[in-house]
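Engineer: pasted the sequence and its predicted model underneath.
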Amino acid sequence: MSGLAARKAWNLAAMALASLCALAGLLLLATILRDVLAEGLGSLRLRLFTQDPAPPNMAGAGGLRSAFLGQGLLTLAASAMGVPIGVLGGTYLAEYGRDSRICRLISTLSDMAVSIPSIVIGTFAYAILVKPMGGFNGWAGAVALAIIILPIIVRTTEEMMTMVPWALREAAFALGAPYCKVITSIVWRSAMSGIFTGILLAMARVAGETAPLLFTSFNSNFFRLDMSQAVPSLTVSIYQYAASPYEGWVGLAWAAAFVVTVLVLMLNILGRVVIRLRKRG
Amino acid sequence: MKGGISKNLAFRCLTGLSSASVLVVVAAMLATLAWESFPALRHFGVLRFLSSSDWNYSTGTFGALRPLAGTFLSTALALSVAVPVALGMAVFLTELCPHRLRAAIAAALELLAAIPSIIYGMWGLFVLAPFLEAHFQPLVSGTLGQLPVAGPFFRARLAGGVNLFTASMILAVMIVPFISSIAREAMSQVPAMLRESSYGLGATRWETIRWVVIPFSKMALAGGVILAMGRALGETMAVAYVIGNRHAALDSIFSPYVTITSVMANEFNEAGGLQLSALFSLALILFLANFMALSLAKRLLGGRR
Amino acid sequence: MGDHLLVNGLDFFYGQTHALRAVTLPIRRNRITSLIGPSGCGKTTLLRCFNRMHDLYPNNRYRGEILMDGRDILGPAVDVIGLRNSMGMVFQKPTPFPMSVFDNVAYGLRLKRVRNAGVLRERVEKALRQAAVWDEVKDRLGQNAQGLSGGQQQRLVIARTLAVDPQVILFDESTSALDPISSKKIEELMTELKKEVTIIAVTHNMQQAARISDFTALMYLGSLVEYDETATIFTKPRNKLTEEYVTGRFG
């Protein structure tokens, strides 16, 4: 029976180890979140949103207004390109491409494109939009972000539309609706909340992206909404200010990190809530 | 009626073109990267570029060996720490955790996996690097660092806490929630009846996990690990702050080093000519390595992801 | 022969749900006892009390006792792992583990630290012969067990159970996922096995209960309605409900 005692001891040891791993991991992740929230909240001032960056020798002044606006502009432009193309592309895969090999290839490719390192996408945008245009510009950044959004939206749209039962389409056909009408008025409507969640999650991903902007939209200290020039963004500002030797700038970086983290978490939570509401409804 | 048909056709074409855009973008990316890396690869030769550790602006010679080694080492080190911890977490979540907490912790993990890497990088720079330098490096220097042959490799030489080890640890922290999310999902797919069969034969929890749950989900677990590997390979912002980006022979795990992504993040903006082309070559290598890892992971995970 | 097990005033709760009510039922040694009743009546819940499968999930409570050779197996001091070792269970669907045929049967033995290759081989072969599946799998012992047919898998699972020398085997609708020929083989096997072990079988198939079991217990809404020799239950039941159920008028 000492065999049994040994087995139980092993079991206890393994389970204790697993619990320890879980505890350590969760504690560590909680620490990160706490640090970001505490440091960020401590540095958060109203001027973060209302003022533009100030030189480091001006203590107690300066904000990231231009970075907020720039980030919004970049995200808006990226969505304007990525979301419609993504939704339409996903629609084709779900509706016309169920048995086509090339569509399956596109679907697989989109799955993989979701995970392409974002810095590689940045180099691509640099090659096609920064080099020929002779300088950093907002369009290059927006295109890089749009390339990140595109496969995410294609895949979620395809998945959500495939889940809509075929009988629903048949019911609409029976009423004499043409296929494109069936798709736009019935299938899209049924899959809407799922697609919307996909869009929110894509936004969350893009809101925190830094690497693809480093050498596309770059950064700028000026308040300017000209997409043909360098456009400031929160994440690149964090990257540059956090590495700076000035306390005021590091504070700005923490505050911006706080805002970005909260934004990304909110978008994620919102996305999950939307999908859960649909499941219940 | 005719209007309906042509509208159908127009809609079909519009959506078809949109879906083709994915194909076009990926193909264009591959072609552009190949085109831009061509000058460097032709000038140095592919094999010499891959095997040379020289990265020198003044002489204009650029070799990929160090960034490749740095990416490989930091990823391997990160995985060796993150995989056991993440699996332990997944075991805890599927087998031990009180049911009421399970969903909450699982959701929290997924949220943590969504936090942008720049945040992890910043935390690594301000919190983890000083902590490791103050508490962990002396410990390792005093123990492993005293070994006869390998010793120097575990001794800290430069102050600042910015080095290969710190970079690997921040990568590990980043991928833990990712791996444990996938592992938890894979392990919860094991049919209850199969688990009960094992318990029914008098197995302990650990024995059931070791011999039934893990073998049953091993493909998906391996897929998850490879997916995480792909992530670690291409991660830029978490690494860029804390690796130090120093082109020099690696003399200790506590020395600054380079990775493919750190070189790109730090030098792309100021590069031109052969250096820029060499950087594009690095991007191409990263793109291809990542694609290979992903297709392998996809095969292992089956249709699930 | 006598009682091998005695369920004595057993109540069982899933959280707030009162799933078994004051069940008292003897289980005769080396006999087959069938538990029948409409779905949701508690027969599977009762079966899973015998090897304390309910312990795996939270908020489950037992009240009362199950005596095995006079010892209560529901007590807190009972070694659940040892109990399950002596109490084999076969599920609705075959549950081969993701490993070879041989390793499946050797699983329980290896848990008990049987390491000698010769002994393992001998015991695995004996168990597979007992489960009447040896001839079909002897040439593919190294292959993955999930490649066997459903009927073979179920007999493999029985062999896996037999390999650790259980005193009791619990069958939970173990033929419900099988074709008629495979079901018949399992039934013959059960009749053969009762020479060695005590069998408790949950079944929804009335004919099966009548064919194979020596005793039958009918349950309804968590309570035991009637327990008797199988012939009595099916020919002259005392209870009106039993008569209606076995003649197919309700359930």
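Structural biologist: That came through fine.
Engineer: all helices of the stretch 51-200 of chain C, in order?
Structural biologist: Using DSSP state H, counting those that start in this stretch, the helices of the stretch 51-200 of chain C run over residues C:80-85, C:101-111, C:117-130, C:134-137, C:150-162, C:180-193.
Engineer: quick check: which of these is buried the most?
Structural biologist: helix C:150-162 (a mean of 25; mean count of other Cβ atoms under 10 Å in any protein chain shown). C-betas here are computed from N, CA, C, even on glycine.
Engineer: that older thread, need the helices of the stretch 51-200 of chain C in a markdown table with mean pLDDT and distance to chain B, can you?
Structural biologist: A markdown table is the format used below for the helices of the stretch 51-200 of chain C (pLDDT from 0 to 100; distance: least, Cβ to the nearest Cβ, whole Å):
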| stretch | mean pLDDT | distance to chain B |
| --- | --- | --- |
| helix C:80-85 | 86 | 3 |
| helix C:101-111 | 91 | 4 |
| helix C:117-130 | 93 | 12 |
| helix C:134-137 | 93 | 18 |
| helix C:150-162 | 92 | 7 |
| helix C:180-193 | 91 | 16 |
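Engineer: dump the residue contacts of B:Val212.
Structural biologist: Applying Cβ atoms under 8 Å, 6 or more residues apart in numbering or on different chains to B:Val212 gives the contacts B:Val190, B:Leu194, B:Arg195, B:Ser197, B:Ser198, B:Ala203, C:Phe97, C:Pro98.
Engineer: show me the shaky parts of chain A.
Structural biologist: A:1-2, A:57-60, A:223-224, A:279-281 (pLDDT under 70).
Engineer: all helices of it, in order?
Structural biologist: Ranges of helices within chain A are A:2-43, A:47-50, A:65-95, A:101-113, A:118-125, A:131-133, A:138-162, A:166-174, A:179-181, A:188-207, A:234-242, A:247-280, based on DSSP state H.
Engineer: likewise chain B?
Structural biologist: Ranges of helices in chain B, per DSSP H, are B:2-44, B:46-51, B:65-91, B:99-114, B:117-123, B:129-131, B:137-142, B:164-188, B:192-200, B:205-208, B:214-234, B:237-240, B:260-267, B:273-301.
Engineer: list the helices and strands the second one packs on?
Structural biologist: Taking 3 or more Cβ pairs under 8 Å, 6 or more residues apart in numbering or on different chains; DSSP states H and E as contact, the helices and strands that helix B:46-51 lies on are helix B:65-91.
Engineer: near chain A at all, the helix it packs on?
Structural biologist: Yes - Helix B:65-91 lies within reach of chain A by Cβ under 8 Å from any Cβ of the partner chain, at B:Pro84, B:Val85, B:Ala86, B:Leu87, B:Gly88, B:Met89, B:Val91.
Engineer: is it possible to get CSV of these that adds neighbour count and pLDDT?
Structural biologist: Putting those into CSV (neighbours: other Cβ atoms under 10 Å in any protein chain shown; pLDDT from 0 to 100) gives the following:
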residue, neighbour count, pLDDT
B:Pro84, 14, 94
B:Val85, 22, 94
B:Ala86, 30, 94
B:Leu87, 22, 94
B:Gly88, 24, 94
B:Met89, 29, 93
B:Val91, 28, 93
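Engineer: same list, those residues, but as CSV with distance to chain C please.
Structural biologist: Formatted as CSV, the residues of helix B:65-91 next to chain A follow (distance: Cβ to the nearest Cβ, whole Å):
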residue, distance to chain C
B:Pro84, 22
B:Val85, 25
B:Ala86, 21
B:Leu87, 17
B:Gly88, 20
B:Met89, 20
B:Val91, 15
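Engineer: adding distance to A:Thr157, write these out as JSON lines.
Structural biologist: Listed next are those as JSON lines, based on distance: Cβ to Cβ, whole Å:
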{"residue": "B:Pro84", "distance to A:Thr157": "37"}
{"residue": "B:Val85", "distance to A:Thr157": "35"}
{"residue": "B:Ala86", "distance to A:Thr157": "30"}
{"residue": "B:Leu87", "distance to A:Thr157": "33"}
{"residue": "B:Gly88", "distance to A:Thr157": "37"}
{"residue": "B:Met89", "distance to A:Thr157": "32"}
{"residue": "B:Val91", "distance to A:Thr157": "35"}
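Engineer: closest residue of chain A to chain C?
Structural biologist: Closest to chain C within chain A is A:Gly3: 4.5 Å, counting by Cβ to the nearest Cβ.
Engineer: that residue contacts C:Val114, correct?
Structural biologist: No - the criterion here is Cβ atoms under 8 Å, and A:Gly3 misses it with C:Val114 at 9.6 Å.
Engineer: looking at those two, which is more packed in?
Structural biologist: Just comparing A:Gly3 and C:Val114: by other Cβ atoms under 10 Å in any protein chain shown the higher neighbour count belongs to C:Val114, 16 against 11.
Engineer: is it true that that one touches C:Arg123?
Structural biologist: Yes - if you go by Cβ under 8 Å, C:Val114 and C:Arg123 touch, sitting 7.2 Å apart.
Engineer: joint contacts of the two?
Structural biologist: Contact criterion Cβ under 8 Å, 6+ apart; residues shared by C:Val114 and C:Arg123: C:Ala106.
Engineer: what bridges to the most centrally placed residue in chain C?
Structural biologist: What sits nearest the mean C-alpha location of chain C, by Cα atoms, centre = their mean, is C:Leu170, with 1.2 Å. Counting by DSSP bridges, C:Leu170 is bridged to C:Met89, C:Ile200.
Engineer: residue contacts, it?
Structural biologist: C:Leu170 makes contacts with C:Leu47, C:Arg48, C:Phe50, C:Asn51, C:Met87, C:Gly88, C:Met89, C:Val90, C:Ile200, C:Ala201, C:Val202, as judged by Cβ under 8 Å, 6+ apart.
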